[in-house]
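Participant: Using only what follows, build the 3D model:
(chains A, B, C and D)
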Amino acid sequence: MKIGFYPGCSLLGSSREYNESLKAIAPAMGLEFAEVPDWNCCGATAAHSLDHQLAFALPARILALAEKAGMEELLVPCSACFSRLAATRYELQKNADLRKEIIDIIEMPYQGTVKVSNALEVLCRAAAANLNGKITKPFAHKVACYYGCYLTRPTELATCKRTEDPQEMDELMKVVGAEPIDWAFKVECCGAGLSVSRTDLVAGLSGKIIKDAVHRGAEAIVVACPMCHTNLDLRRDAIEAQSHERYSIPVLYLSQVIGLALGIDPRTLGLHRHHVPVRFPDAAPNASADSKKPELQLSGKDD
Amino acid sequence: MAEFEPKVVAFVCNWCTYAGADLTGTSRMKYATNVRMIRLPCTGRIDFMLLLQAFGHGADGIIVSGCHPGDCHYSAGNFHARRRWMLFRELLDFAGIDLRRVHFSWVSAAEGAKWAELVNDVVNQVRALGPYDEFPKRLNRQSLEQLCSVEVGR
Amino acid sequence: MPRIGVFICHCGENISGTVDCAEVAKVSAEFPGVVHSVDYKYMCSDPGQNLIKNAIQEKKLTGVVVAACSPRMHEPTFRRACAEGGLNPFLCEMANLREHCSWVHEKLPATTEKAIDLVRIMVEKVKRNRPLFSINVPVTKTALVLGGGIAGIQAALDIANAGHKVIMVERQASIGGHMAQLSETFPTLDCSQCILTPRMVEVAQHPNITLYTYAELEKLDGFIGNFRAVIRKKAKSIDEKLCTGCGVCFQKCPNKKILSEFNTHLGTRTAIYVPFPQAVPNKPVIDREHCMYFQKGKCRICEKFCPTKAIRFDQQDELIEVNVGAVVAATGYEVKDTDFFPEYGYGKYPDIITGLQFERLASASGPTGGVIKRPSDGRIPETIAFIACAGSRDPAKGISYCSKICCMYTAKHAMLYKHKVHQGKAYVFYMDIRAGGKMYEEFVRRTIEEDEVHYVRGRVSRIYDRDGKLVVRGVDTLLNAKPIEIEADMVVLATAMVAQPDAEELAQKMKVSYDENKFLSEAHPKLRPVEMNTAGIFVAGACQAPKDIPETVAQASAAASKVAGLFSKDELSREPVVAVVSRTGPPEFSNCVGCFLCESACPYQAIEHEEIKTRDGKLIKTVAKINQGVCQGCGTCVALCRTKSIDLQGFTNEQIFAELVSL
Amino acid sequence: MNELQQTAKDLLEKNAVAVVIGYGMGSEPSLRRAVFVRKPDQAPQLIFDESCRQNLAFYVLKPEVKALGKAAVVARTPTLRTLLQLATENQITDESVVALPVGNGSVQPLTNFAAIEQYLANVPRGFTAQEQQELAAIKSKTLADRWAFWKSELSRCIKCYACRAACPMCYCSKCIVEVNQPQWVPVPSDMLGNLEWNVIRAMHLAGRCISCGSCADACPAHIRIDLLNQLLATEAMQQFGAEPGLSVRKDYALATFKPTDKEEFIR
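Facilitator: Numbers count the residues shown, from 1 in each chain, chains lettered A, B, ... in the order given. Predicted coordinates:
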């Protein structure tokens, strides 16, 4: 299935491995991505708290470009981008006056025909259709599925059904052989955009999430959002400093977990880029020597 | 020639707007004399044909008014009426009948002032539009009287 | 030929101040059909009314127009005068010269012209008036009370004590309702069962009350004074006449692990059971879904031990048809279960309970004998958190209303807990404290000040488990909006009061309206709070909106007095302003084509199907028929009817056309 | 024999129906007329092509046709919808009529309402682009032009009521134009009466009209009265979600309401 693709800034920067792993698993999942030409910033996280029009105009331009390129569905892996694009589509659908106003600003025709999808829903759908029989190395570990905020809020845009206790990622993880744990912080706030400005707050909030996952026996935390990943992975030192505990639990993108289960080389999946070393796949017989190396590297952004 | 004085017919429900107009009276508020009220139990009773009949009998403007949604004495008559009005208005507009001559309103039994304002406003608007000569008329009392007087004159 | 009399009132100077009444009378005299036209200072005075009465007789009037004040003021007066003068009262109409003319216009020729027009309009209308006669319907002086909670009990007793028959229908095996489940009642802390059970017994023993428990309303037809109800008596599987209520059967019943509804699933019962020891009637029923004999075909132990041989496994549901004149709906409420709250674990934590469950824990007759214990492990909680507004006032959860009783019972719960567990800590999370009621605010203050319950103003965002504790995460908005966390052993949610799950179905059976929350709608929120928009059906208690016991009892007594008022006459008389379906001669017999599109437009479900048959019983056609006992005369069907087969007496199409033609 | 003819023949042979109402050749090659086939060997009279436009559903209600016994009716999509709408209005009962759907492939007799509902669920609906354009063209005129347009159109009306006779939803035994106490519509054909008649007709069909176009086809003066119906059908659909004739559910848009119906025109 061919599907539009909007990487946004993080998939080219801090979460390159999300991008890499999505692309790596795409063929097996029966997905083909077409990047939106000439795309721009989605506006997150500042625009909507500063300028109402700008907050809608930026995503609207992206959607208009996707429309122009003949796309029916647009995969937006970053949850923040997803939220902005989906919210814009929703508001413009509801409010004809606003739509007119925004069309005037972006000076492009806009119909709202492009469906905005996040990685979780696209991968769930693709897994159901295409993964059967392809799992060669079941990811047999206890995982804490962490949804964060944007996949479940606001309810009008939520793609998960039980928004306070979503199950979609848990089900997907079962498909690739993992054992999702029942835990309390699936949809708690990680601190998100305060990562840089108030690292102390992020350390507190994300610390609680990690603590609960660890205490309930999770071996990995699975996420679908670059922001969550940054806070849980990159801010680990700050978290440990504040909680006076050490946590070795790695944080993986769901695409990386699927990739591992498909037997894809960890380096291809970008596992070596993580701050917290990833010890998967653990000494499996056909694991390449290469795949063990990355865990020694710290946030190796060397290529 | 004296200024044109329009004839405005108001179809009102007994429980809200008629009572509201009573309150206008007890409060001694003044409004234009041009309005003639047809009292009905409920806006639900107002057949759309009555409006055309009013135009056909010389009305230059029409007011239809009843209870606010939720206040209907019969609990839902006004909701049913509102649906009919929605379609009827679209049809009149499509047929080229000037909707500035047909006004819909909710006036409660407590809104004496709103009634006075409404009547004045509609009368002023219709006065500005002039007599509704475009709309074909029936032979009615006045035209009959005119006819009679012509004959007598002969 | 019509002979119309016109009477112009000066109303002192109220009308004559701006309208030239003599001129109006003079012009009116010339209208076709007018044979008498006078003006007078005060038409509503005795001499004024005599003018009308005399003219009716002397001039043989066939219609009267009184041009005076608003018909909403004096129409009854002048109609009565006409009746006394020998004219059908519905041949009298009023032109509103005061409120709609003299008071709202200046003294100008146009004002007098308008007055003349108003008279002319009414003359044209009254010419087409037909004599109408009040509609009399007999009244069956028996009331049907649906629901045997405190609302139904109060209403039934009041009606019965007024000397009328009452049929009470309760769907559970015992009357008593939710009030029987409560421990103590605010603000006096008197024991709920102690005040309720004597009333339950009174119902059972009252000579005027017939009680059907384990029964439901199946069907309701008819109209005010003349309802016909079908009641389904579910099979109790016992012969009530033989059963003495000795209780041997439920002591012997082997299936003892069924969760008790009365104990809110915190205790158990047997398959043959009475819901609680003080049940009325105190005779068991067999719950067939859990009875081994009904499920597996073997057992019959109760039958073996029953000393009076009262067990009847082959008993069938029984349908009873009764005629009643009035219905009181007192079907009560439900509370939302804890699984309604995703943020509090979707009901997965056993120590998060509802307020109603807490009542059972606190009740001396409850599953723990009144000791507050955790359902999970039976430990006495050292810290307990109460969360008010669980679901209520939360549009995101679809419940935007206030459940009204939670502030008070939460205070009561916290107080009871502190009385029972002195060293325990109690927290109450609240949005606002609504303690409007006699001694209510004082009660809450006592909870806070004397019993030292910690009130935290803020919402709880999440509850999760950590090391055997329930972590309650919320915010204290009074402490600079700081997030707070409490490690509790038990959490009590004051879950929203909601309509019964089948409230909508019941409303449709009774053909009454209900609101978006499925609570039954009263006819007018202020002035007709216990009547429903279908005449003859009344409402009491929490099936109409959340309310506490005193309010429920007050409403039930009010409904009972309405019923007693209705039953005080043998016949009901009402204005004949109703819709009628016209009938014509053969071959059509009626212009109605039986499309019945009017049926759903009628706010009162007054439109019925009538079959026109030949003499030998062959169906010619089915046409609409208006039930005149039910019709309130709004005329919505009249405007909808394409063939104009329906007309509204008093406001006929002909009359309104005549008014328009006379413009 | 084609499928339609064969199906009709089978039905008649099996005595499943007493008459098949369908289209046959008219007095001129370009014309079609309704035929009532009662014998199996007459089945070849039945034809169906682009020119067969009349909505045959209304024959089903005629006493003369009813007297023949159970009928099968050759049904284009509008006819099928008409049958369902008539059912919601208590004019025909289930399994009293067999519909022979034409114009969408196989002619498989639909013997009950459920089958018609199911069939219609898969048929595209809504107005064609051309119909929408015609409506938009009038709407885009100025008020005065619209008035002038309809005045000139309606002045040609001779009040023959062919529109009524052709409309399957105009089944009232006594139409409002015949109600004379009071006289709702003046008898002579004058502008006011013509306007009133057409407004009444459109309003009475609002929420019930399934837009078959038979009224306009029947008009000898070629007045586009179907546009009035189309306008209200569009409005009823947009404002109330009314789509008459798709099920036997009683949901006449003007006999129900939503408290949230739009009312910005009411002050």
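
Participant: Distance-wise, check residue C:618 relative to residue D:71.
Facilitator: 21 Å (C-beta to C-beta, to the nearest Å). In short, each C-beta sits where N, CA and C put it, glycine included.

Participant: between the two, who's got more neighbours?
Facilitator: Neighbours per residue (other C-beta atoms under 10 Å in any protein chain shown) separate residue C:618 from residue D:71, with residue D:71 holding more: 22 against 7.

Participant: Return the residues in contact with that one.
Facilitator: D:17-21, D:59-60, D:65, D:97-98 (C-beta atoms under 8 Å, 6 or more residues apart in numbering or on different chains).

Participant: which residue packs closest to it, ignoring adjacent ones?
Facilitator: Excluding its sequence neighbours, the residue lying closest to residue D:71 (C-beta to C-beta, 6 or more residues apart in numbering or on different chains) is residue D:19, at 5.0 Å.

Participant: what about that neighbour, how many residues close to it?
Facilitator: With other C-beta under 10 Å as criterion, residue D:19 counts 23.

Participant: just checking, it touches residue D:37?
Facilitator: Yes. Using C-beta atoms under 8 Å, residue D:19 and residue D:37 qualify as a contacting pair, with a distance of 6.7 Å.

Participant: overlap in contacts of these two?
Facilitator: With C-beta under 8 Å, 6+ apart, residue D:19 and residue D:37 have no common neighbours.

Participant: The closest residue to chain A within the stretch 501-650 of chain C and chain B, how far apart?
Facilitator: Using C-beta to the nearest C-beta, the closest approach of the stretch 501-650 of chain C to chain A is made by residue C:516 at 18.9 Å. According to C-beta to the nearest C-beta, to the nearest Å, residue C:516 stands 12 Å off from chain B.

Participant: host element of residue 203?
Facilitator: No chain in the question, so chain A it is. Assigned by DSSP states H and E, residue A:203 belongs to helix A:199-215.

Participant: my bad, chain C
Facilitator: Following DSSP H and E, one finds residue C:203 within helix C:192-205.

Participant: by contact count, what packs against that helix?
Facilitator: Judged by 3 or more C-beta pairs under 8 Å, 6 or more residues apart in numbering or on different chains; DSSP states H and E, helix C:192-205 is in contact with helix C:150-161, strand C:184-185, strand C:209-212.

Participant: and those as CSV, adding distance to chain A, mean neighbour count and mean pLDDT?
Facilitator: Converted to CSV, those look like this (distance: least, C-beta to the nearest C-beta, whole Å; neighbours: other C-beta atoms under 10 Å in any protein chain shown; pLDDT from 0 to 100):
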stretch, distance to chain A, mean neighbour count, mean pLDDT
helix C:150-161, 35, 27, 97
strand C:184-185, 34, 22, 94
strand C:209-212, 42, 20, 97
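
Participant: now these in JSON lines, with distance to residue C:17?
Facilitator: Shown next, in JSON lines, are the helices and strands packed on helix C:192-205 (distance: least, C-beta to C-beta, whole Å):
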{"stretch": "helix C:150-161", "distance to residue C:17": "52"}
{"stretch": "strand C:184-185", "distance to residue C:17": "62"}
{"stretch": "strand C:209-212", "distance to residue C:17": "62"}
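
Participant: So which bits of the stretch 201-303 of chain A are right by chain C?
Facilitator: A:212, A:215 (C-beta under 8 Å from any C-beta of the partner chain).

Participant: Kindly recompute the last result at 10 Å.
Facilitator: Residues of the stretch 201-303 of chain A lying close to chain C (C-beta under 10 Å from any C-beta of the partner chain) are A:208, A:211-212, A:215-216.

Participant: What are the buried residues along stretch C:611-620?
Facilitator: Going by neighbour count (16 or more other C-beta atoms under 10 Å in any protein chain shown), the buried part of stretch C:611-620 is residue C:612.

Participant: That stretch vs chain D: in contact?
Facilitator: No. Contact between stretch C:611-620 and chain D is absent, the nearest approach being 11.6 Å (criterion: C-beta under 10 Å from any C-beta).

Participant: residues in contact with that stretch?
Facilitator: Residues from elsewhere that reach stretch C:611-620 (C-beta atoms under 10 Å, 6 or more residues apart in numbering or on different chains): C:583, C:586-590, C:592, C:594, C:621-623, C:625.

Participant: if I pick residue C:438, what's in contact with it?
Facilitator: Contacts of residue C:438 by C-beta under 10 Å, 6+ apart are C:187, C:550.

Participant: three-state assignment of it?
Facilitator: Secondary structure state of residue C:438, per DSSP: H, G, I helix; E, B strand; the rest coil, is coil.

Participant: Please apply the same query to the one 10 residues further on.
Facilitator: Classification of residue C:448 using three-state DSSP returns helix.

Participant: Please name the nearest non-neighbouring residue to it.
Facilitator: Spatial nearest neighbour of residue C:448, excluding adjacent residues (C-beta to C-beta, 6+ apart): residue C:455 at 5.5 Å.

Participant: Which pLDDT value goes with the one you found?
Facilitator: Note on residue C:455: pLDDT of 96.
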